[in-house]
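In: need coordinates for the following:
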Amino acid sequence: MREEEVHYDIAVIGGGLAGTCAAIAAARLGRRVALVNNRPVLGGNASSEVRVWVCGATAHGVHRWARETGIMGELYTENQFRNPEGNPYYWDQVVLDAVRAEPNIDLYLNTDVREVEASGPEDARELHSCTGWTMGSERRITFRAQQFLDCTGDGLLGHLAGAAYRIGREAVGEYGEPWAPEEADEALLGSTILFHTKDLGHPVKFVPPAYAKDLSTTPILRNRVLRTGDNGCDYWWIEWGGELDTVHDNERIRDELQSVIMGIWDHIKNSGEFPDAENLTMEWVGSLPGKREYRRFLGDYVLTQQDILEQRPFDDRIAFGGWSVDLHPVQGMYADEPGARQRYADGIFHIPLRSLYSANVTNLLFAGRNISATHIAFGATRVMATCATLGEAAGTAAALCVAEGVRPRELAAKRPELVRRALLRQDASVIGLSDDDPDNLARAARVTASSHLERLAAEPSDAAPGEPYPLTRDLGLLLPVDPALDTVDLLVHGGEEPAELTVELWGTGRPENAVPADRLLTTTVAVPAGGPHWVTAALGHRPETPGNAVLIVRACPGTSLVLVPERTDGVLALRSRAEGDAAVDHDIPEEDGQLVLEWQARGLRRRTFAFRAAPDTAAFLPERAVGGCQRPYGGPQMWSSAPLADPDAAGEWLRLDWDEERELGEARVVFDDDVDEYLNNLHRHRTPFEIMPELVRDYRIEAAEPDGTWRTLHTVTGNRRRHRVHALAGPDGGPLRTTALRLVVEATHGAPHAHVSAFKAFGA
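Out: Here you go, the predicted model:
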């Protein structure tokens, strides 16, 4: 056995997506990081060992413009390009490559941390080191660091250090949460093991092992649905252990879950009820229970159910989520009630920095399912893409603590702008925060462009003629209103007799939302028989500040709008939910009154009801790409060029001009990769795009010379990244001195406009 001691700025314990993103974020900010994981692969529940879908704020496509950016966004889009079939082993490599690309990270796999050295009083502990055992190598390694991150999920590091935590459900009297029980208890969400099947093209028998569960002795056949086509996370409801201790009873839970899987497969293969299963074989069964819940640490703020559903906009928000408050019966698969109860907010919700560090261990941060949240709120924050964004935020905060020589609490209380600006600089997952970074010299520049999109419209053409979409239900269009929406023309097929459409305009309530929340006005529009006809809805809407609005056309049987098969920048087509429409997950009953479920974009994304809006819009002016929010928030928040004659044509540009020469060392560009497109690592949902069409493919960055000519600094072809960072240098290799920078877009990946969400310039 070898004894070792290593020293780092930051030690990240736990290599799930939270720990992985934390380590990458801290390393990119120049800190030396140890990433320590007790498994042979990274990714935690998302890895090939467990194979849970990476879900997040999009909530399987329920929320609009909600896909994560930052490091999680990079992993999503890289996987989409490299792994369009959703191979879990290829996904492992995407995550591993992202870590290996960072020279400041030392990765320790198969290293189980089980000892800590900490000191100080109970309310002000300090963590000095932690020690792990590396299996197979017989190495006992002590990690010393200034800041520690517990991303273990179960919270073992913080527990050993004396960090305060909770297990189980809080009583309703503690935080006033509507879903909390009268009395606190230790009930948990259980664990799950998944399995995959494969069609071999010929009959395959299955002889069940002796431990296979006889399903007839359980409520499963009565209360759950078995399908031969289901695989992997389709069987998320194979869950058990909520009445036990999900850590200390882990082996018992594993055995029970595997017995049920074998019982399910025995029933499918041998009951005679599934003749289409004859050629199926079991290709893979997990060996590790995918845990949902255990310790939740106490920070300076405990996130609650109300924070989630009311979408409270914390001043120190550092990430967002969008998953429902999703809680499961404590009996899991043996419960008589449905496998889950879900409640969605009207849009994404925010998470504060104060929920990511320990209230009593002064140099401990955490990220993932163990953050400072109640059991009810945890039901929404626990999904892995959200955990990943929390990891990026916690890693960023830890790096700033080291750089500034402060503790996490001091950073949150006295220097929160440092965290906010660092996250925005990295294009992390935050919503509604404008770039106020004084180091971004672009904010002091004049911003101009070769053109910008002025007219909001979607009209049929010979290439995209459109098709009638019956008004048998209420239909809607979400439109950016900047500065006004005086009229909207709609293309309508009338019936055999003239008709009258009821048209309403609704606000969205919050800038991050995309559903009708408050009615602004109602008008009627006459529709002649036959057609199609362009008809005009007079609105006269002139809000005090720019924002989105939803135009609702109420159901009118016998008439139809025209659905055009084209995406329109900043616009979404919506339809009201009708009986028989799919909800979110099968076999989960949905509660009434959830706006994001009542108004669906599913089935209409990248299509638009034919319309023409007046007056022209200012939503895509070039200055939208400087000092803005970098993603949709009360509007598209980006520069979009006028339509390109050819997506491969050159000539669209965005320019920064200063009154006097500036010394520059770095340019950053955030392109648009359509965060409304729902992605999933193992492709529960399949998108046809390996690269988002809206991404700029080929571009160059130029600097103005004293004689008025442009010198090319960088030429990029085949880009498939949203966020690009470019060092700038003068002809002599020193800092660049110039009065203007220009970003020239030469081609997109197919979209008809050049899109830029942010163009930034920083000093040397």
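In: can you classify residue 707 by secondary structure?
Out: coil (DSSP: H, G, I helix; E, B strand; the rest coil).
In: how about residue 612?
Out: Going by three-state DSSP: residue 612 is strand.
In: again with residue 326
Out: strand.
In: quickly list what it is bridged to.
Out: In this entry, residue 326 is beta-bridged to residue 342, by DSSP bridges.
In: point out where the stretch 551-700 of the chain drops to low pLDDT.
Out: Applying pLDDT under 70 to the stretch 551-700 of the chain picks out residues 582-587, 590, 646-650.
In: need the strands for it, in chain order.
Out: 560-564, 572-576, 599-600, 608-609, 611-614, 639-640, 652-671, 696-704 (DSSP state E, counting those that start in this stretch).
In: same for the third one, what does it pack against?
Out: Yep, that's strand 599-600 we're talking about. Contact partners of strand 599-600 among helices and strands, from 3 or more Cβ pairs under 8 Å, 6 or more residues apart in numbering; DSSP states H and E: strand 572-576. Using the backbone N, CA and C atoms, a C-beta is placed for each residue, glycine as well.
In: among the strands of the stretch 551-700 of the chain, which is nearest residue 456?
Out: strand 611-614 (4.1 Å; Cβ to Cβ).
In: now residue 154. Nearest residue, chain neighbours left out?
Out: residue 294 (4.5 Å; Cβ to Cβ, 6 or more residues apart in numbering).
In: now do the helix or strand hosting residue 265, average pLDDT.
Out: Here residue 265 is covered by helix 250-270, with elements defined by DSSP states H and E. For helix 250-270, mean pLDDT is 98.
In: hmm, who's touching whichever helix or strand comes after it?
Out: Going down the chain from helix 250-270, the next helix or strand is strand 280-285, by DSSP H and E. Identification of contacts with strand 280-285 by Cβ atoms under 8 Å, 6 or more residues apart in numbering yields 51, 193-200, 204, 206, 228, 258, 261, 265, 268-269.
In: ok, now with 6 Å
Out: 195, 196, 197, 198, 199, 200, 204, 265 (Cβ atoms under 6 Å, 6 or more residues apart in numbering).
In: again with stretch 368-382
Out: The contact list for stretch 368-382, computed with Cβ under 6 Å, 6+ apart, reads 18, 151, 153, 155, 169-170, 175, 177, 179-180, 295-299, 302-305, 308, 321, 323, 325-327, 355-356, 387.
In: kindly report the same for stretch 330-338.
Out: 187, 190, 219-220, 223, 237-240, 242-243, 329, 589.
In: tell me the most buried of the strands of the stretch 551-700 of the chain?
Out: strand 639-640 (a mean of 30; mean count of other Cβ atoms under 10 Å).
In: give me the pLDDT value at the spatially closest residue to residue 291 that is not a sequence neighbour.
Out: In this structure, residue 291 finds its nearest non-sequential neighbour in residue 191, 4.9 Å apart by Cβ to Cβ, 6+ apart. Listed pLDDT for residue 191 reads 98.
In: what are the bridge partners for residue 191, then?
Out: Going by DSSP bridges, residue 191 forms beta bridges with residue 240.
In: quick one: it from residue 16, how far?
Out: According to Cβ to Cβ, to the nearest Å, residue 191 and residue 16 sit 15 Å apart.
In: repeat for residue 195
Out: On the measure of Cβ to Cβ, residue 195 and residue 16 end up 21 Å apart.
In: who has more neighbours, the two?
Out: residue 16 (28 against 21; other Cβ atoms under 10 Å).
In: for that one, list the residues it contacts.
Out: residue 44.
In: distance of it relative to residue 135?
Out: In terms of Cβ to Cβ, residue 16 sits 18 Å off from residue 135.
In: in CSV, list the C-alpha atoms belonging to stretch 482-491.
Out: In CSV, the C-alpha atoms belonging to stretch 482-491 read as follows (Å, rounded to 0.1, in the frame of the first residue of the first chain):
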residue,chain,number,x,y,z
ASP,A,482,-40.6,45.7,-29.3
PRO,A,483,-41.8,48.4,-29.4
ALA,A,484,-45.4,47.7,-30.4
LEU,A,485,-47.9,45.2,-31.8
ASP,A,486,-50.5,47.2,-33.7
THR,A,487,-51.8,44.5,-36.0
VAL,A,488,-51.3,40.9,-36.8
ASP,A,489,-52.5,39.4,-40.1
LEU,A,490,-53.4,35.7,-40.0
LEU,A,491,-53.9,33.4,-43.0
